[in-house]
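A.B. asks: Sequence first, then the predicted structure, then my questions.
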Amino acid sequence: MNVLVVVPARGGSKGLPRKNSRILGDIPLLGWTAEAVRKAGLDGPCCLLSTDDAEIAQIGHGVGLSVPFMRPANLADDEATAESVALHALDWLAAERGINPSAVMWLQPTSPFRDPQSLKKAVAMLESGACPGVIGVKPVYRTLKTLFYGNATMTLAPVDVAAETANRRQAVQPLYTPNGALYLVRTDVLRETSSFFPQGSSGIAMDQIASIDIDDPVDWAIAEAVAAAGLTWRGKIAP
């Protein structure tokens, strides 16, 4: 399967300014994703960094990511969707290099601790033809009766008041939610649905560390502590 790997890293960030140009542990934040892609064997002409920022582009080059174009400004503001950025990369590859990948993998650098094995597993799952897309997910051990909507005064209302309440975690059938670490979808499905998680997608469950998603200074502090403690796949025997 010919997979386009897109690493999106725009310059603007409100929650943690310039997060995509920061150093995490011993390498740039971008380097964590670049290294996982190389270990998974997915680097090459169909692996690229999509950015609107010259400094981030330079950092990307330094960690081995291809930066064949600068992302247009209209795809780098707060209103731009991930799907539109991925489609821009697909259209550029088709127009400039005559390459038409059969699938797109979206790897946000703010999920630095995903492991290479999960990337390889996702491609194998999509190649099997059993699903239109694969998503990284994390389990939530709660029933719908203990998940709540909150109004303006934070009065809580259960998602499903009729659902059973389990007293032990082991008795709960886990729910799953996207963790932001991995999205892989067939190109034709992405073009048709404009979605990275079309109906019928499969999930790859990831642990708490692989599911860390950096949005603000607290997330960054947690990621620094995890990296310093060697708790990531880079701190263990590589898969």
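C.D. replies: Done, it's in. Numbering: from 1, shown residues only.
A.B. asks: got the buried residues for the strand ranked longest in the chain?
C.D. replies: In the chain, with assignment by DSSP state E, the single longest strand is strand 175-186. By neighbour count on 16 or more other Cβ atoms under 10 Å, the buried set for strand 175-186 is 178, 179, 180, 181, 182, 183, 184, 185, 186. C-beta coordinates here come from the backbone N, C-alpha and C atoms, glycine included.
A.B. asks: Mind checking the pLDDT average for that strand?
C.D. replies: Strand 175-186 comes out with an average pLDDT of 97.
A.B. asks: Then stretch 82-95?
C.D. replies: Rounded mean pLDDT across stretch 82-95 is 97.
A.B. asks: buried ones in that stretch?
C.D. replies: 82, 83, 85, 86, 87, 88, 89, 90, 92, 93.
A.B. asks: Just want the most central residue of the protein.
C.D. replies: residue 181 (3.1 Å; Cα atoms, centre = their mean).
A.B. asks: quick check, residue 157 in a helix?
C.D. replies: No: Residue 157 is assigned strand when assessed by DSSP: H, G, I helix; E, B strand; the rest coil, not a helix.
A.B. asks: Please list all residues in contact with it.
C.D. replies: The contact partners of residue 157, by Cβ atoms under 8 Å, 6 or more residues apart in numbering, come to 148, 149, 150, 151.
A.B. asks: Identify the residues contacting stretch 70-83?
C.D. replies: Residues contacting stretch 70-83 (Cβ under 8 Å, 6+ apart): 8, 10-12, 14, 50-52, 54, 57, 84-85, 88, 106, 183, 190, 194-196.
A.B. asks: one more time with 6 Å
C.D. replies: With contact meaning Cβ atoms under 6 Å, 6 or more residues apart in numbering, stretch 70-83 is reached by 10, 50, 51, 52, 85, 88, 194.
A.B. asks: Which among these count as buried?
C.D. replies: 10, 50, 51, 52, 85, 88.
A.B. asks: Specify the angle between the helix or strand harbouring the last one and strand 175-186 in degrees.
C.D. replies: If I follow you right, that is residue 88. Per DSSP states H and E, residue 88 falls inside helix 82-97. If you take axes from the mean of the first three to the mean of the last three Cα atoms, to 10 degrees, helix 82-97 sits at 20 degrees to strand 175-186.
A.B. asks: what pairs with the next helix or strand after helix 82-97, and is each one parallel or antiparallel?
C.D. replies: Sequence-wise, the next helix or strand downstream of helix 82-97 (DSSP H and E) is strand 103-106. Next to strand 103-106 in the sheet, as set by DSSP bridges, lie strand 3-8 (parallel), strand 175-186 (antiparallel).
A.B. asks: Just give the closest residue to the residue of the chain positioned farthest from its centre, not the sequence neighbours.
C.D. replies: For the chain, the residue at maximal distance from the C-alpha centroid (Cα atoms, centre = their mean) is residue 162, at 34.0 Å. In space, and not counting its chain neighbours, residue 162 is closest to residue 145: 7.7 Å by Cβ to Cβ, 6 or more residues apart in numbering.
A.B. asks: same check, this time on residue 139
C.D. replies: residue 174 (3.9 Å).
A.B. asks: What strand or helix carries residue 135?
C.D. replies: Here residue 135 is assigned to strand 133-140, by DSSP H and E.
A.B. asks: ok, now how distant is the residue nearest to residue 139 from residue 101?
C.D. replies: 33 Å (Cβ to Cβ, to the nearest Å).
A.B. asks: quick one on the thing from earlier: got the angle for the longest strand of the chain vs strand 133-140?
C.D. replies: Using the same axes, to 10 degrees: strand 175-186 against strand 133-140 is 170 degrees.
A.B. asks: Take the contacts of residue 157 and lay them out in JSON lines including neighbour count and distance to residue 64.
C.D. replies: As requested, these are exported to JSON lines (neighbours: other Cβ atoms under 10 Å; distance: Cβ to Cβ, whole Å):
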{"residue": "148", "neighbour count": "13", "distance to residue 64": "45"}
{"residue": "149", "neighbour count": "9", "distance to residue 64": "45"}
{"residue": "150", "neighbour count": "9", "distance to residue 64": "44"}
{"residue": "151", "neighbour count": "8", "distance to residue 64": "48"}
